[in-house]
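J.: Pasting a predicted model and its sequence here:
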Amino acid sequence: MADPKDKTRRKGLLGLWDRFWTPNGILSIGFILIAGFLTGIMFWGSFHWSLELTNTEEFCVSCHTMETNLGEYRETIHYNNHSGVRATCPDCHVPKEWNHKVKAKIMAAKDVYHELLGTISTEEKYEDRRLHMSASVWRKMKASDSRECRNCHAFEYMDFTAQENRAASEHQRALDNNMTCIDCHQGIAHALAPGYLEEYKRVVEELGGEPELSQSSIVDLHAIRRFLGEKSE
Amino acid sequence: MLDFFGTIAGNILSLPGILGLALGMMTRNWSLAASMGGFVGILNTLIFAHFSFAEIAVYDLLIAVAVGAAAGVVGCAIRHKGSLA
């Protein structure tokens, strides 16, 4: 610590550093504590506000490379439906809990990096990377037991009698076999690449799980979309 | 690698980083500061796993404890540097 009796004062940044660690002889501890507390609130408030600004659909699709995703998402029931309740990009891709949210935000830095590199800047490049990008999202969702889906959906509160027969029986099967949302709903908001099922099985095996899917249990996503689309009109 | 850095950042901006630092500033004992920070790391992991031990990932727990302990040591260093007595 800087010795207060030391008359030789350093200049510039070193001087600031010395002053920073010098005991204050003018301000009371109470003043410093209250000022620190208020500054803390202001800092944390603005930090959180800035973070939430990045948690909007407008922010997510402001990059050129997000146009394809947006177009596909606009075709789904999560974008447009009879009730007007929507799930936007961050609802599905950004966790609500603080710890997981910050981690997701840090990891999203790679999206900016690839936007600058132009990794998926053309339709061809996008299609080449589609399976890889899908797999990384599936991995996160499978590992977290589809945490973001469950912010809105819960098996416990599903009225199977109000569902289409097949949906009800599939949801019952999912409950019985301890499956998670993404096990069946891989393409619920974006188009699927060829070979997606094999890739999903690989992801599940990589995570140390047993793939519940078999060829007979593949969910016909087009049928689901058609059904949901009809319901929402 | 991104997952690793993201987990570290998440912990720095969460209880292990903030409370660990605050607790570290309350003592001059380096090992106590690190222990308190590490304990906050364990607590943080438990809270985010909704107190279900089955949901705790060892990888996340280790990083939370390491970040907490490091924050505690930094807090202790601030205490050493910033007080006369």
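T.: Thanks, I have it.
J.: Quick check: which element contains the most centrally placed residue in chain B?
T.: The residue lying closest to the centre of chain B (CA atoms, centre = their mean) is B:G68, at 1.2 Å. Using DSSP states H and E, B:G68 falls within helix B:58-82.
J.: Tell me the gap between that helix and the middle of its chain.
T.: Put simply, helix B:58-82 sits 5 Å off its chain's centre (CA atoms, centre = their mean, to the nearest Å).
J.: Also stretch A:78-86?
T.: With CA atoms, centre = their mean, you get 20 Å for stretch A:78-86.
J.: Quick one: end-to-end distance for that stretch.
T.: Stretch A:78-86 has its terminal residues 5 Å apart, counting by CA to CA, to the nearest Å.
J.: buried residues in it?
T.: Using 16 or more other CB atoms under 10 Å in any protein chain shown as the test for burial, stretch A:78-86 gives A:H78, A:N81. Any C-beta I mention is one placed from the backbone N, CA and C, and that applies to glycine too.
J.: Where does pLDDT dip in chain A?
T.: With pLDDT under 70 as the threshold, chain A has low-confidence stretches at A:1-7, A:211-233.
J.: cutoff 50 now
T.: A:214-217, A:232-233 (pLDDT under 50).
J.: need the residues of it near chain B, please.
T.: Contact residues, chain A versus chain B (CB under 8 Å from any CB of the partner chain): A:1, A:21, A:23, A:97-107, A:109-110.
J.: If any of the residues you listed are buried, put those into a PyMOL selection.
T.: Here is the PyMOL selection string for the buried members of those, based on 16+ other CB under 10 Å:
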select buried, chain A and resi 99+100+101+102+103+104+105+106+107
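J.: from the residues of chain A next to chain B, which single one is nearest B:P16?
T.: B:P16 has its nearest neighbour among those in A:N99, at 9.4 Å by CB to CB.
J.: Spatially nearest residue to A:F59, not counting backbone neighbours?
T.: A:L53 (6.5 Å; CB to CB, 6 or more residues apart in numbering or on different chains).
J.: hang on, the earlier thing: which positions in the helix holding B:G68 come out as buried?
T.: Quick answer for helix B:58-82 (16+ other CB under 10 Å): B:60-61, B:63-76, B:79.
J.: Relative to A:D145, how far out is A:N178?
T.: Distance, A:N178 to A:D145, using CB to CB, to the nearest Å: 9 Å.
J.: Of these two, which one has the most company?
T.: The neighbour comparison of A:N178 against A:D145 (other CB atoms under 10 Å in any protein chain shown) goes to A:D145, with 14 against 10.
J.: quick one, phi psi at that one?
T.: phi 60, psi 40 (degrees, to the nearest 10).
J.: mind checking how far it is from B:L61?
T.: 18 Å.
J.: from what I can see the residue nearest to the centre of chain B touches B:G41, true?
T.: Yes: at 3.2 Å, B:G68 counts as touching B:G41 under the criterion of CB atoms under 8 Å.
J.: Report how many residues lie close to B:R28.
T.: Neighbour count for B:R28, taken as other CB under 10 Å: 11.
J.: Check A:R139 too.
T.: 18.
J.: Ramachandran angles for it?
T.: Torsion angles, degrees, to the nearest 10, at A:R139: phi -60, psi -50.
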